[in-house]
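# Dropping a prediction and its sequence here:
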Amino acid sequence: MRRILTAVAVTTILSTALAACGSRNGPGGYGAVAGTSEPSSAPGVSASPGVSTSQGSPGPIAWGPCTDLRRPDGAPPKSSPRLQCGRLRVPLDYARPDGETLDMAVVRIRAAEPGKRIGSLVFNFGGPGASGVNTLPQAAKLFGTLNTRYDLVSFDPRGVERSDGVKCGTTKDLERFLAMDTQATDDAERAEQEKTIKGFASSCGQTSGRILPHVGTVNAARDMDRLREALDDRRLNYFGISYGTHLGAVYATRFPQNVGRFVLDAPVDPSLTLERRTLAQAAGFQQAYESFLKDCVNGPGQCEVGADATIANKNVDNFLTDLKSSPLPIDDRTLTQGLAGTGIAAALYSELTWPLLEQGLRRGFKGDGRILMALADSYNGRMPDGSYSTLMSSFPAISCVDTAERPSREQLARTEATALKISPLFGSAGMGAICTVWPVPGSDEAKKVNATGSAPIVVIGGKGDPATPYQWAPSLTSQLRTGVLVTYKGEGHGAYLSGDPCVKKLTDGYLLDGKVPATGAVCPSP
């Protein structure tokens, strides 16, 4: 399918599909809430109570109107009496539960048929660093069937947006980091990369030193159990996408008896080293890029990128090389090689955006970089007014706290050399480059996954997923011990987001009716 999409339309698609933002170095204000306490009173899906190890009780959430939600185009979403926002107070440091706290921003869309309500269905749309409060209202139509009987709920995890979101220096500091050229060809360029990365990491510590030690997946899982209590659900019903699968797996490991109906779509393998994850993602994006080129040259019309896949790839390579010395001016900004590469990667997250990528490259070859810049801006969380979400600051903050690895310069060079052999376009040192200079230490606790004793957990892996390669799905399923694997034989990041009727039927059947898919179920590509 080759459809023409506008830059405005693509931001809506990418706001949900870009759940597993890769590292910058590789592929990869919340209004005051009014209203009285209105806790959910319906029971969860299980007749037996869950077991909570949270210290203390979070109390009910005071729900009220959402006052500062915004769509990718900067406009507020359409108001609805079923859309509500609130805050949940959680400990900043769980080692000191009675000490300093932070307020976690929460959003919900009440069930359309309250008489048939099952309970709450909590979403994490990925990142790490994606705002659930911003994303849920945008993505709600995709989950309309589930919303008939569930209150759809999401949140900004600690360190994200309204929940004490991580900020790294000024907007100019962030833009300098995002625009950095990623294809270093000599020692001088590598030194400049290292200087930029180190400066960005240092600015994160200076601006957000209070929150940095306390972000991370283990604490986010503890917060999520507090959210379950506040929602008055005996068990947590959960839909995690991309990084959200990691968060769900850690939750299920720490609170197995509190697991209700869990779906983990586009799964992450938490056991991987930074190097192995970088190489797997380089291969995944390269596969998606090659699929895009083949689709372009074999389509019904002329491919504007090149006459055949080899020529098209060469044209893209030459274009990116030229951008290093001659960035394209766009009003008061410039499209650098780094931003163009980000735009290309962004469009590979969904097959629906491949036609837009073709347009963007065609225009880029002619000196117009607007479409590629729009794609990069969507990926980087840039708003029309020039402000940025915390996404690209929250992402390394959470990722680096989730690992104790701090690779040496030699290890980073080895990783990059191998990654470049896999993909000259997407090869890099990955997250290791920034974690090495991150201002706070990390822990490997979030890598430990074993949900023995939990209810069945449905894991859905896509064969053509660039950001979370398929092999991570059976690996996570095995680590969980209670996982049930579903394979989607299609393109894109997130099987449910693709709209595939087979995936939707299996997922909805499980979440709505408790029908666990058969082991080894396979959904054909559309």
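Good, I have the coordinates.
# could you point out where the protein is predicted with low confidence?
Low-confidence segments of the chain (pLDDT under 70): 1-59, 525-526.
# What is the longest helix along it packed up against?
Among the segments of the chain that qualify as a helix by DSSP state H, the longest is helix 274-298. The elements that helix 274-298 packs onto, with contact taken as 3 or more C-beta pairs under 8 Å, 6 or more residues apart in numbering; DSSP states H and E, are helix 309-325, helix 337-347, helix 354-365, helix 409-422, helix 432-435, strand 457-464. All C-beta spots, glycine's among them, are computed from the backbone N, C-alpha and C.
# Quick one: distance of the first one to the chain centre.
In terms of C-alpha atoms, centre = their mean, to the nearest Å, the centre of helix 309-325 is found 28 Å from the chain centre.
# Contacts only, for the closest residue to residue 167 other than its chain neighbours.
If you skip the residues right next to it in sequence, residue 167 has residue 207 as its closest partner in space, 4.8 Å away by C-beta to C-beta, 6 or more residues apart in numbering. Remark: with contacts taken as C-beta atoms under 8 Å, 6 or more residues apart in numbering, residue 207 is in contact with 166, 167, 168, 169.
# Of all the residues in the helix or strand harbouring residue 207, which ones are buried?
Under the criterion of DSSP states H and E, residue 207 resides in helix 187-208. If you call a residue buried by 16 or more other C-beta atoms under 10 Å, then helix 187-208 has these buried ones: 190, 193-194, 196-197, 200-205, 207-208.
# Please could you give me each C-alpha atom of that helix, formatted as PDB?
The C-alpha coordinates for helix 187-208 follow below in PDB (Å, rounded to 0.1, in the frame of the first residue of the first chain):
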ATOM      1  CA  ASP A 187      39.300  11.300  14.800                       C
ATOM      2  CA  ALA A 188      38.400  15.000  14.800                       C
ATOM      3  CA  GLU A 189      34.700  14.200  14.100                       C
ATOM      4  CA  ARG A 190      34.700  11.500  16.800                       C
ATOM      5  CA  ALA A 191      36.200  13.900  19.300                       C
ATOM      6  CA  GLU A 192      33.500  16.500  18.400                       C
ATOM      7  CA  GLN A 193      30.800  13.800  19.000                       C
ATOM      8  CA  GLU A 194      32.300  12.900  22.300                       C
ATOM      9  CA  LYS A 195      32.400  16.500  23.400                       C
ATOM     10  CA  THR A 196      28.700  17.100  22.400                       C
ATOM     11  CA  ILE A 197      27.500  13.900  24.200                       C
ATOM     12  CA  LYS A 198      29.500  14.700  27.400                       C
ATOM     13  CA  GLY A 199      28.200  18.200  27.400                       C
ATOM     14  CA  PHE A 200      24.600  17.100  27.100                       C
ATOM     15  CA  ALA A 201      25.000  14.500  29.900                       C
ATOM     16  CA  SER A 202      26.600  17.100  32.100                       C
ATOM     17  CA  SER A 203      23.700  19.500  31.500                       C
ATOM     18  CA  CYS A 204      21.200  16.800  32.500                       C
ATOM     19  CA  GLY A 205      22.900  16.500  35.900                       C
ATOM     20  CA  GLN A 206      23.000  20.200  36.400                       C
ATOM     21  CA  THR A 207      19.300  20.800  35.500                       C
ATOM     22  CA  SER A 208      17.700  17.600  36.900                       C
END
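# Would you pull up how far that helix lies from the middle of the chain?
What separates the centre of helix 187-208 from the centre of its chain is 23 Å, taken as C-alpha atoms, centre = their mean.
# Just after that helix, pick out the following helix or strand.
helix 217-230.
# Could you name the helices and strands sitting against that next one?
The elements that helix 217-230 packs onto, with contact taken as 3+ C-beta pairs under 8 Å, 6+ apart, are strand 83-91, strand 101-109, strand 119-124, strand 150-155, strand 236-241, helix 243-254.
# Including mean neighbour count and distance to residue 451, could the ones you listed go into JSON lines?
Supplementary listing: the helices and strands packed on helix 217-230 in JSON lines, determined by neighbours: other C-beta atoms under 10 Å; distance: least, C-beta to C-beta, whole Å:
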{"stretch": "strand 83-91", "mean neighbour count": "21", "distance to residue 451": "23"}
{"stretch": "strand 101-109", "mean neighbour count": "22", "distance to residue 451": "24"}
{"stretch": "strand 119-124", "mean neighbour count": "26", "distance to residue 451": "16"}
{"stretch": "strand 150-155", "mean neighbour count": "27", "distance to residue 451": "21"}
{"stretch": "strand 236-241", "mean neighbour count": "28", "distance to residue 451": "12"}
{"stretch": "helix 243-254", "mean neighbour count": "29", "distance to residue 451": "4"}
